[in-house]
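Enquirer: Just the structure for this:
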Amino acid sequence: MNTIINNPIIPSVMSLPGGRLQPGTVIVIHGQPTYNSNRFGINLLHQGNMQCIFHFDARFDQGQTVRNTNFPSSSWGHEERSPLPFAKNRHFFMEIRCLPDRFLVGFLYLITFCVSLVCGPQPELGDIAFQLTSHFDTNWVIRNTKINKEWGVEEGTTTRKFPFKCLQRFIIEIFISPSSYLIAIDGNHHCEYNHRVSYSEANTLQITGDVQVSMIEFKSANTFPTFPSSNRLNVAYPPLPFASLINGPLSVGNEIQVHGQVKPHPNRFHVNLQQGCQSYPSPTIAFHFNPRYEGGQRTIVMNSFMGSWGTEQRLAVGRNLLPGNSFVLVIRRQPSYFEVLVNGSLIAKYNHRTAADIVDSVAIDGDVIINKVVAI
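Expert: Take a look at the predicted model:
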């Protein structure tokens, strides 16, 4: 069982979970030395006589770390020293692992890593058409451009959660569309960044920071993302925007269930049944379900997209989809139409405008909290 203690007051003394160390115990400390750090220490103590089994002392004044043990006779053993791995005001992960005969201590800094598309062969001199920077200390993924040695306005907003975790593999995909860079991480669309410099001027890839790269691939593609997420028939609390394959076509009698809650002050949200879960180019959308609330309107718009939007079919938002309300939306395929139910009540029938057999994906976004998405 994991035990997590957030923001302990320093100095701090606390009992170990289970009352004692044993082989396999791992202590992980996430911290940040202050600007004026001189030293900080971590001690593993015997609770009865307060003997220091393991003493770790980070000494900024000496540029070293010291490890030692304080024996019952109150004498210290032989010091073990090594260069200081910390920097002031710099986040770190420290791991102390208990083995049968020793302690293993490891460090991982929470610094940034950058992926840059540079104009010219010298990254330090040329313009940077696009740079993606991960900030583990703030859980932000920042995008920017540098022109004539001046950085532009940073972009950091996204509806996705911070996608990276220490010591976990990832795939970043950068897709160049005519108007923007589209960025996917682990097969999920993360953000879009409009071109500030012509993409044709970028001819150098630069990767820097605390990251280990296992493969770089350059290729042409007609769709984005090209690394699709795994098929998910039953997904709980997905982040938005959400797009997933439904593991095969939506046959007659099959249905998509969306369990969620309308946000208190919504503008709109949508649920699409479509062909493919890519965001570029726009997929064929067999059925678009779009409640709208902005400007005081409470209207559900239903439509299809086959290269362009068709004629809208509208109805009023019922009480089950009012702001703040929880709902279960069911979209069931019938031979000639989609049947739409909210909280068990039939609210609409939408005639097929394209072959419903093309539907293999669900996409959801907007001012809604999703608890579960199920394909049945």
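
Enquirer: C-alpha from now on. contacts and neighbour counts both.
Expert: Fine.

Enquirer: quick one: the strands in the stretch 151-300 of the chain?
Expert: Ranges of strands within the stretch 151-300 of the chain are 172-176, 180-185, 188-194, 204-209, 234-236, 242-245, 255-262, 269-274, 285-292, 299-305, based on DSSP state E, counting those that start in this stretch.

Enquirer: For Ile376, find the nearest of those strands.
Expert: Comparison of those against Ile376 by Cα to Cα identifies strand 255-262 as nearest, at 5.3 Å.

Enquirer: Just checking: what are the partner strands of that closest one?
Expert: Its sheet considered, strand 255-262 pairs with strand 326-333 (antiparallel), strand 368-375 (antiparallel) by DSSP bridges.

Enquirer: what's the last one in contact with?
Expert: Going back to what we said before, that points to strand 368-375. 233-239, 246, 254-263, 266, 269 (Cα atoms under 8 Å, 6 or more residues apart in numbering).

Enquirer: now swap in the first one and tell me
Expert: Contacts of strand 326-333 with the rest of the structure, by Cα under 8 Å, 6+ apart, involve 250-262, 320-321, 338-344, 356.

Enquirer: Direction included, what does the very next helix or strand once past it pair up with?
Expert: Using DSSP states H and E, the helix or strand that follows strand 326-333 in sequence is strand 337-342. Applying DSSP bridges to the sheet, strand 337-342 is found paired with strand 326-333 (antiparallel), strand 345-351 (antiparallel).

Enquirer: out of those strands, deepest packed?
Expert: strand 326-333 (a mean of 21; mean count of other Cα atoms under 10 Å).

Enquirer: Could you list the alpha-carbon positions for stretch 57-69 in PDB?
Expert: Taking C-alpha atoms only, stretch 57-69 is exported to PDB below (Å, rounded to 0.1, in the frame of the first residue of the first chain):
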ATOM      1  CA  ASP A  57      23.200  15.300   4.200                       C
ATOM      2  CA  ALA A  58      23.200  17.600   1.100                       C
ATOM      3  CA  ARG A  59      25.800  20.300   1.700                       C
ATOM      4  CA  PHE A  60      25.600  23.200  -0.700                       C
ATOM      5  CA  ASP A  61      28.400  25.000   1.100                       C
ATOM      6  CA  GLN A  62      30.800  22.100   0.300                       C
ATOM      7  CA  GLY A  63      29.200  21.000  -3.000                       C
ATOM      8  CA  GLN A  64      28.900  17.400  -1.700                       C
ATOM      9  CA  THR A  65      26.500  14.900  -0.200                       C
ATOM     10  CA  VAL A  66      27.500  13.000   2.900                       C
ATOM     11  CA  ARG A  67      26.100   9.500   3.900                       C
ATOM     12  CA  ASN A  68      26.800   8.000   7.300                       C
ATOM     13  CA  THR A  69      25.400   5.900  10.200                       C
END
